[in-house]
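Visitor: I'll drop the sequence and a predicted model, then ask my questions.
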Amino acid sequence: MPPPLDLVYDPYDAEIDARPYGVWRRLRDEAPLYYNEQYDFYALSRFADVMTASLEWQTYSSARGTVLEMIDTMPPVDGDLGDGFGMMIFMDPPRHDELRHLVSRAFTPRRVAALEGRTRELCAHFLDPQREGSGFDFVEDFAAKIPAMLIGALLGVPDEDQDQLRIWGDLLMRYEPLGISDEKADAIASLGAYMSAMVKDRQQHPRDDMVSDLLTAEVTRADGTRRRLDFDEVMSFFSLLQLAGSETTARLLGWAAVLLARHPDQRAKLVGTPELVPNAVEELLRYEAPSPIQARFVTRDVEWHGHKVPQYSKIALLTGSAGRDEREYPDADRFDVEREFDRLVTFGFGVHYCLGASLARLEGRIVLEETLARFPDWGVDEAAVELVRTSTVRGPVHVPITI
Ligand code: HEM
């Protein structure tokens, strides 16, 4: 099933990554099942296909990781796909469900709503001093700090360390094709040492925070027996929540600053009718998915669009392309804060549906409300906007704005 010769989707190509929309459109139209020979992976790009595959976890397994370059395509020994590197995002049920059950209650819409006041306080803390000046970096000086501080506080990281964990986390996620730099290696070591010290501290001196709760939480196994998490499992949870809770939402907020400056008419609608803000957050998530690619390991032969995907292949689910699929969203390349729709795959779908979706939505809404209330219009120096280079996250890390 060779794709048209001139159709190349290379997820590591910085130029494609900067503007993937044309390639994504051609994949959806001309090669809805795409095969990339160079990296030996398949890709699904249509909304309906991404959603179907996300739901079928038995066939599209996460157990070998969900980052394309991390997946090992060797046949499993004795049916064992792997241990998920200790993180539930890289596990299949039932192990995944046992772990998810432990933390899901902390992220329900009701529990998350209780964070609204703190989120507004943080916005005021970072935005008010900027009123005196002529501009600032919307992401680095403000927006990226909010998600890291909220998730950090839930986990129990002291206020003064929360931003440092974000900086290490960003470095850890950075894609470095030529091998790991010293800077990244140092960040990984520092983050690991910090987290390990904090977990050990909570073992001795439990507090009212999520890390302490995880140390005493009991997992109920499928057979009904119960057990506590071990040290490594608590560390894995800590890293997963800290990283997943910071990086993606920061990119959503960066896209908001860029897209609203690019579409001042849409921004004016939000200033005039703030009730539109929650819908604008949905549209931002659809239009520029902060986590545009989820990979899976295929556990049996399957067929898509008349072509076979062999057992033990890697397949990429292009969530970002799904958000631009005209089959699901009419006039999908138009950014419209009043667009009406009820389905989105930006947070994934099925068993791995984003645990932090309510929190991300709350952060998006409040950051926009608080920003628009202070700065009803701003300009962006597009040439200075910098996109992050990671294989899973896409979006601006620097957005210099003028006010
Ligand atoms: C705009 C912001 C966010 C986006 C776009 C996003 C996107 C996603 C996606 C696509 C998945 C599914 C991955 C897969 O199927 O392999 C996921 C899972 C997850 N997300 Fe988010 N996420 C965001 C914010 C957050 C936040 C704030 C948290 C904080 C708790 C979080 C925690 C998680 C966790 C723990 C999982 C794994 C769930 C599981 O395996 O059951 N995310 N996210």
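Guide: Looks like it came in fine. Numbers count the residues shown, from 1 in each chain.
Visitor: what's around the nearest residue to residue 9 once chain neighbours are set aside, how many residues?
Guide: Spatial nearest neighbour of residue 9, chain neighbours left out: residue 23 (5.3 Å); criterion: CB to CB, 6 or more residues apart in numbering. C-betas here are computed from N, CA, C, even on glycine. Burial of residue 23 is recorded as 20 neighbouring residues (other CB atoms under 10 Å).
Visitor: who's in contact with residue 23?
Guide: 7, 8, 9, 16 (CB atoms under 8 Å, 6 or more residues apart in numbering).
Visitor: and the helix or strand hosting it, which residues are buried?
Guide: Here residue 23, judged by DSSP states H and E, is contained in helix 21-30. Of all the residues in helix 21-30, those buried under the rule 16 or more other CB atoms under 10 Å are 23, 24, 25, 26, 27, 28.
Visitor: in the stretch 251-400 of the chain, which residue sits closest to the ligand?
Guide: residue 356 (2.0 Å; CB to the nearest ligand atom).
Visitor: which strand or helix spans the nearest residue to that residue once chain neighbours are set aside?
Guide: Among residues not flanking residue 356 along the chain, residue 245 sits closest, at 5.5 Å (CB to CB, 6+ apart). Using DSSP H and E, residue 245 sits within helix 231-262.
Visitor: distance between that helix and the chain's centre?
Guide: Centre-to-centre, helix 231-262 and its host chain are 6 Å apart (CA atoms, centre = their mean, to the nearest Å).
Visitor: do stretch 127-134 as well
Guide: 29 Å.
Visitor: and what of stretch 360-380?
Guide: The answer for stretch 360-380 is 20 Å, by CA atoms, centre = their mean.
Visitor: is it anywhere near the ligand?
Guide: Yes: under the criterion of CB under 6 Å from any ligand atom, stretch 360-380 makes contact with the ligand via residue 360.
Visitor: CA atoms of that stretch as CSV?
Guide: Presented in CSV, the C-alpha positions along stretch 360-380 are these (Å, rounded to 0.1, in the frame of the first residue of the first chain):
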residue,chain,number,x,y,z
ALA,A,360,-7.0,21.6,31.7
ARG,A,361,-10.4,23.1,30.7
LEU,A,362,-10.6,25.0,34.0
GLU,A,363,-7.1,26.4,33.5
GLY,A,364,-7.9,27.4,29.9
ARG,A,365,-11.1,29.1,30.9
ILE,A,366,-9.7,31.1,33.8
VAL,A,367,-6.4,32.1,32.1
LEU,A,368,-8.4,33.4,29.2
GLU,A,369,-11.0,35.2,31.3
GLU,A,370,-8.3,36.9,33.5
THR,A,371,-6.2,37.8,30.5
LEU,A,372,-9.0,39.3,28.5
ALA,A,373,-10.3,41.2,31.5
ARG,A,374,-6.9,43.0,31.8
PHE,A,375,-5.7,43.0,28.2
PRO,A,376,-8.5,43.1,25.7
ASP,A,377,-6.1,43.1,22.8
TRP,A,378,-2.4,42.3,22.3
GLY,A,379,0.0,41.8,19.4
VAL,A,380,2.3,38.8,18.9
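Visitor: buried ones in that stretch?
Guide: Residues of stretch 360-380 classed as buried by neighbour count (16+ other CB under 10 Å): 360-372, 375, 378, 380.
Visitor: same deal with stretch 225-243?
Guide: Residues 229, 233, 234, 235, 236, 237, 238, 239, 240, 241, 242, 243 are the ones in stretch 225-243 that count as buried (16+ other CB under 10 Å).
Visitor: can you list those in a markdown table and add distance to the ligand and pLDDT?
Guide: Putting the buried residues of stretch 225-243 into a markdown table (distance: CB to the nearest ligand atom, whole Å; pLDDT from 0 to 100) gives the following:
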| residue | distance to the ligand | pLDDT |
| --- | --- | --- |
| 229 | 15 | 90 |
| 233 | 14 | 92 |
| 234 | 14 | 94 |
| 235 | 14 | 95 |
| 236 | 11 | 93 |
| 237 | 9 | 93 |
| 238 | 11 | 94 |
| 239 | 10 | 94 |
| 240 | 5 | 94 |
| 241 | 5 | 95 |
| 242 | 9 | 94 |
| 243 | 9 | 91 |
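Visitor: okay, the residues you listed in JSON lines with distance to residue 181 next?
Guide: Converted to JSON lines, those look like this (distance: CB to CB, whole Å):
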{"residue": "229", "distance to residue 181": "33"}
{"residue": "233", "distance to residue 181": "29"}
{"residue": "234", "distance to residue 181": "29"}
{"residue": "235", "distance to residue 181": "24"}
{"residue": "236", "distance to residue 181": "24"}
{"residue": "237", "distance to residue 181": "27"}
{"residue": "238", "distance to residue 181": "24"}
{"residue": "239", "distance to residue 181": "20"}
{"residue": "240", "distance to residue 181": "23"}
{"residue": "241", "distance to residue 181": "26"}
{"residue": "242", "distance to residue 181": "21"}
{"residue": "243", "distance to residue 181": "18"}
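Visitor: what is the neighbour count of the closest residue to residue 24 other than its chain neighbours?
Guide: Computed as CB to CB, 6+ apart, the closest residue to residue 24 that is not its neighbour in sequence is residue 321, at 3.6 Å. Neighbours of residue 321 under the rule other CB under 10 Å: 29.
Visitor: so who does residue 321 touch?
Guide: 20, 24, 25, 27, 28, 45, 46, 50, 292.
Visitor: tell me which of the contacts of residue 23 fall in helices.
Guide: Members of these lying in helices (criterion: DSSP state H): residue 16.
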